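Enquirer: Sequence first, predicted coordinates after that:
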Amino acid sequence: MSEITESSLRAEVRAWLEANFDPELGLVEWRSKLIDAGWGAPGWPKAWHGRGLAPALASVVDQEIRRIGAVGVASAGPRGLAAQTLLAHGSDYLKKKFLKRSLTGEDAWCQLFSEPGSGSDLAGAMTRADFKDGEWIVNGQKVWTTSAHHADWGFLLARTNFDVPKHQGLSYFIIDMRQNGVTVQPLRQMNGHASFNQVFFTDAVVPKEHLVGELGGGWAVATTTLMHERRGFDAAGARGVVPPKREGRIYEEERAEAAVAMEPYKWYPQRAGRVDLILKRAKETGRIKDPVVRQEIAKLLILARSAEWTARRARAAMVEGRPPGPEGSLGKLAASMVARACARVHTMISGADAMLSGADSPMDGVIAEVLVSVPAISIAGGTDEIQKNIIAERVLKMPREHTSVDALPFKDVPKNVIG
Amino acid sequence: MQFTFTHEQEEFRMVLRRYFAEASPPAKVRRAMETEAGWDAASWRAMNEQLGLCGVAVPEAYGGQGFGFVELGIVLEEMGRALFCAPYFASAVLAANAILNTATETQKKVLLPGIASGETIATLVWVESGGDWSPSATDTIAAPSGPRFTLSGTKHFVLDGASADTFLVLARAKGTKGDTGLSLFLVRSNAQGVTRQPVKTLDPTRKLARIHFENAQADLIGEEGAAAAATVKTLQQAAIALANEMVGGAERLRESALEFAKMRVQFGRPIALFQSMKHKQAEMLLDVELAKSAAYYAAAAAAEGDPDLPALASLAKASASEAYLQTAIHTIQIHGGIGFTWDNDTHLWFKRAKSSEAFLGDASLHREQMMRAWDDEKRERA
């Protein structure tokens, strides 16, 4: 077999795309073709729709897809996390059932990890799954579930054994969200939006084939999901990807898909602080002339640029296939710092106007939305405090602290009183 | 823009790291800093003979190795890490770039080979007693004297001013002010009318001097009256070089604090187990990595001749100033009482962090310069 080089690969994928892409195809129809040809997920193993290409070569395929303006597979959000997790831990039955449909975008997914009583301490999940008459019966409550009301399937962390220490009693399941035992309710946030849901399970059913990984091995599987989630956070940054305006059936379908997928995230740019508006606002208001404000703006811009360059260092190293350096773990913490600094500087720039909201406030409420959305960024997807523990223990190899509680059977561990 | 180092650059860094671990352990730093010059002539010669680092970014036509600013940044980062005591910053960064930016072709051919080989030790002499880093603040007067000039005035904060043999001095024509009338002059340190006076520095690894010129014989470098813009550029390049040196020192401190926390036992366990230590270490890593990103980006921008250099140089300097000092403060704190003793090495880097914070302008000054650079640029575009 001849060795694949960047140029031979580029030529091959380009020729295939030029021969096969047609903007009048249906979205699922096109993605199915792309996947069957091995170009949908070229970094995946050959047995599962891919070509086993190294990350640097797989990115060449993405570049070519973008270059000719073709549409790629569905990989963002919980759908992508489900696929990556199944690829690593799923049985052949589950891979066959779900992988391709996740790439085509036919199935929508949601993540069912956090609970009212376990946020940072995800392994303290109380939602239970009991085995009865050949299937799993699920009871409990999850929270902060994005897009649960659109989801066909959810990946669920549930407790299958209360008599062993907390990490050992968890299992990971794929649950059908379209069943009577599952109730979805929106959760209103302090900034007025309701982007997340609470999900209630009352004797919801999971077939036994939908266990991912080992019984009692759910924590290891969830760790894989979380790792991909954090990596995705660094890669995507705070910006939503808006498909460009192009003519054709496939683009219309892609835009409709993106509109649904992006709906919960419309305030995310404000959550990240809107550093892009700082200089414009400072000039408009004349606050740019105040030396104290100038210093604070400069500190913020230095932080934001350095954070961006740090993310690019991490990405460049990844593309070259180098072992990840510490710079790759820092994106989320840096984003929190940038957002907090933005909220502070936007307040300085706005002065008394910072007391207003909606149409009465600067930029028709955008700045006000920054001020009431930024507190989320240092919590969502792992608090800053947990992030620092992870950096200290995994990157800096500082010793982990084991408390006596970790060894107790879960039923004897002190818990939150809920309700 | 380059966001990773090439394999050759990484190898170069590893060679330097091994070399300076051997050539500049803390015991040698302590010996060098007790001397009047602040550096050891034998290590300087050995470094130049074995690695030729003074010429790393000097073009081959002038006796250098012809690498770029990224390689220069690597050298400085590794020197800063090891706190290598040498007139490198004065000669290979300040003086070499001043000549490259200002001198005529003939002068470059005459002056640069000596600097590139390390035989000539030159320094840039521009700041005066007010401590204003801007070339326009120059008061020293250059008067024509036949084909040459005579300089009169007092310069301050001259890096390695007591040990350099060659001065590149910024002076102005009588009756001029601001950016006009500024020229760069070459003065030999042993020339008549030159008196140098070492000053006591807070950072003993970086020596400074005050220099009096009284009708001292000087030769014009480059074009008369045109040195302002070239010197501003030299100082921007120097700020980037210093930022890279600073992040090297900051990373060394961060690592030493981490190592200490893993080893130090209190309350029956290593203090690295305490969450307060973990969070501090994670914050230190973030500070240092952000400053490294800024320093690396600025060095790559200097190598590529990026027009945004004025803002990027100030950004990198401001970022490194804060990160280095903050890391030094945390490192002392993590060491506890031991960190405040003379015998512990942390204060050597703390003092370098402090002197580097002020040298070439502090973070506030550079933040303001960055804002002006970005402001002016926007105005031009509009």
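Expert: Great, that's in hand.

Enquirer: Check the offset of stretch A:110-117 from the chain's centre.
Expert: Centroid separation between stretch A:110-117 and its chain, computed with CA atoms, centre = their mean, to the nearest Å, is 14 Å.

Enquirer: scratch that, stretch A:279-286
Expert: Offset of stretch A:279-286 from its chain centre (CA atoms, centre = their mean): 34 Å.

Enquirer: next one: stretch A:5-21
Expert: How far stretch A:5-21 lies from its chain's middle: 30 Å, per CA atoms, centre = their mean.

Enquirer: Now do the buried residues in it.
Expert: For stretch A:5-21, a neighbour-count test (16 or more other CB atoms under 10 Å in any protein chain shown) marks A:9-10, A:13-14, A:16-17, A:21 as buried. Backbone N, C-alpha and C define where each C-beta goes, glycine included.

Enquirer: for stretch B:219-231, same thing?
Expert: Neighbour counts over stretch B:219-231 (16+ other CB under 10 Å) mark B:220-222, B:225-228, B:230-231 as buried.

Enquirer: can I get the residues you listed in a markdown table with secondary structure, pLDDT and distance to A:Asp163?
Expert: Formatted as a markdown table, the buried residues of stretch B:219-231 follow (DSSP: H, G, I helix; E, B strand; the rest coil; pLDDT from 0 to 100; distance: CB to CB, whole Å):
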| residue | secondary structure | pLDDT | distance to A:Asp163 |
| --- | --- | --- | --- |
| B:Leu220 | strand | 98 | 89 |
| B:Ile221 | strand | 98 | 83 |
| B:Gly222 | coil | 98 | 83 |
| B:Gly225 | coil | 97 | 88 |
| B:Ala226 | strand | 96 | 84 |
| B:Ala227 | helix | 98 | 81 |
| B:Ala228 | helix | 98 | 79 |
| B:Ala230 | helix | 98 | 77 |
| B:Thr231 | helix | 98 | 76 |
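
Enquirer: contacting residues around the residue nearest to the spatial centre of chain B?
Expert: Geometric centre of chain B, nearest residue: B:Leu242, 4.1 Å, by CA atoms, centre = their mean. Counting by CB atoms under 8 Å, 6 or more residues apart in numbering or on different chains, B:Leu242 makes contact with B:76, B:89, B:317, B:320, B:356, B:359-360.

Enquirer: Please identify the helix or strand for it.
Expert: Following DSSP states H and E, one finds B:Leu242 within helix B:227-263.

Enquirer: surely A:Val138 meets A:Ala204?
Expert: Yes - here A:Val138 lies in contact with A:Ala204, judged by CB atoms under 8 Å, at a distance of 4.4 Å.

Enquirer: Now do the shared contacts for these two.
Expert: Taking CB under 8 Å, 6+ apart as the criterion, A:Val138 and A:Ala204 both touch A:175, A:181.

Enquirer: coming back round to it: neighbouring strands of the next helix-or-strand element following the helix holding B:Leu242 in the sheet, and parallel or not?
Expert: Using DSSP H and E, the helix or strand that follows helix B:227-263 in sequence is strand B:265-266. Counting by DSSP bridges, the strands paired with strand B:265-266 are strand B:269-270 (antiparallel).

Enquirer: Following the chain past the partner strand, name the next helix or strand.
Expert: Next along the chain from strand B:269-270, counting by DSSP H and E, comes helix B:275-304.

Enquirer: buried set for that following helix?
Expert: Neighbour count says helix B:275-304 has B:277-303 buried, by 16+ other CB under 10 Å.

Enquirer: which other helices and strands contact that helix?
Expert: Here helix B:275-304 touches helix A:291-319, helix A:331-350, helix A:384-390, helix B:69-82, helix B:227-263, helix B:309-335, going by 3 or more CB pairs under 8 Å, 6 or more residues apart in numbering or on different chains; DSSP states H and E.

Enquirer: Of all those helices, which one is nearest A:Gly181?
Expert: helix A:384-390 (31.2 Å; CB to CB).

Enquirer: The closest one vs chain B: in contact?
Expert: Yes - contact of helix A:384-390 with chain B (CB under 8 Å from any CB of the partner chain) involves A:385, A:387-389.

Enquirer: Please produce CSV containing the residues you listed, extended by pLDDT.
Expert: Shown next, in CSV, are these (pLDDT from 0 to 100):
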residue, pLDDT
A:Glu385, 94
A:Gln387, 91
A:Lys388, 95
A:Asn389, 93
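
Enquirer: Now that we have the residues you listed, which of them are buried?
Expert: Counted by 16+ other CB under 10 Å, the residues of helix A:384-390 next to chain B give A:387-389 as buried.

Enquirer: now, which of these sits nearest A:Arg31?
Expert: The nearest one, if we look at these relative to A:Arg31 and count by CB to CB, is A:Gln387, at 34.3 Å.

Enquirer: The closest one reaches A:Ala334, doesn't it?
Expert: No - under the criterion of CB under 8 Å, A:Gln387 is not in contact with A:Ala334, lying 10.2 Å apart.

Enquirer: want to throw the buried residues of stretch A:5-21 into a markdown table with secondary structure, distance to chain B and pLDDT?
Expert: As requested, the buried residues of stretch A:5-21 are exported to a markdown table (DSSP: H, G, I helix; E, B strand; the rest coil; distance: CB to the nearest CB, whole Å; pLDDT from 0 to 100):
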| residue | secondary structure | distance to chain B | pLDDT |
| --- | --- | --- | --- |
| A:Leu9 | helix | 21 | 94 |
| A:Arg10 | helix | 21 | 94 |
| A:Val13 | helix | 25 | 95 |
| A:Arg14 | helix | 26 | 94 |
| A:Trp16 | helix | 30 | 96 |
| A:Leu17 | helix | 28 | 94 |
| A:Phe21 | coil | 31 | 94 |
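
Enquirer: which one of these is nearest B:Phe167?
Expert: Closest to B:Phe167 out of those is A:Arg10 (55.9 Å), distances taken as CB to CB.

Enquirer: show me the contacts for A:Leu300.
Expert: Counted by CB under 8 Å, 6+ apart, A:Leu300 has contacts A:275, A:278, A:338, A:341-342, A:345.

Enquirer: Please disregard the earlier target; I meant B:Asn97.
Expert: Per CB under 8 Å, 6+ apart, neighbours of B:Asn97: B:233-234, B:237-238.

Enquirer: and it, how far is that from B:Leu186?
Expert: Separation of B:Asn97 from B:Leu186 (CB to CB, to the nearest Å) stands at 15 Å.

Enquirer: Three-state assignment for the closest residue to B:Ser145 other than its chain neighbours, please.
Expert: Using CB to CB, 6 or more residues apart in numbering or on different chains and skipping residues adjacent in sequence, the residue nearest B:Ser145 is B:Gln217, 7.7 Å away. Here B:Gln217 is recorded as strand under DSSP: H, G, I helix; E, B strand; the rest coil.

Enquirer: What's the per-residue pLDDT of residue 204 here?
Expert: Answering for chain A, as no chain was given. Note for A:Ala204: predicted pLDDT of 98.

Enquirer: hmm, I had chain B in mind actually
Expert: 97.

Enquirer: cool, and A:Lys397?
Expert: Looking at A:Lys397, its pLDDT is 95.

Enquirer: cool, B:Asp376 as well?
Expert: On the pLDDT scale, B:Asp376 is placed at 56.

Enquirer: domain parsing for the chain?
Expert: No chain specified, so I'll use chain A. Structural domains annotated on chain A: A:6-73, A:79-236, A:267-382, as defined by automatic domain parsing.

Enquirer: meant chain B, my bad for not saying
Expert: B:7-120, B:123-225, B:229-381.
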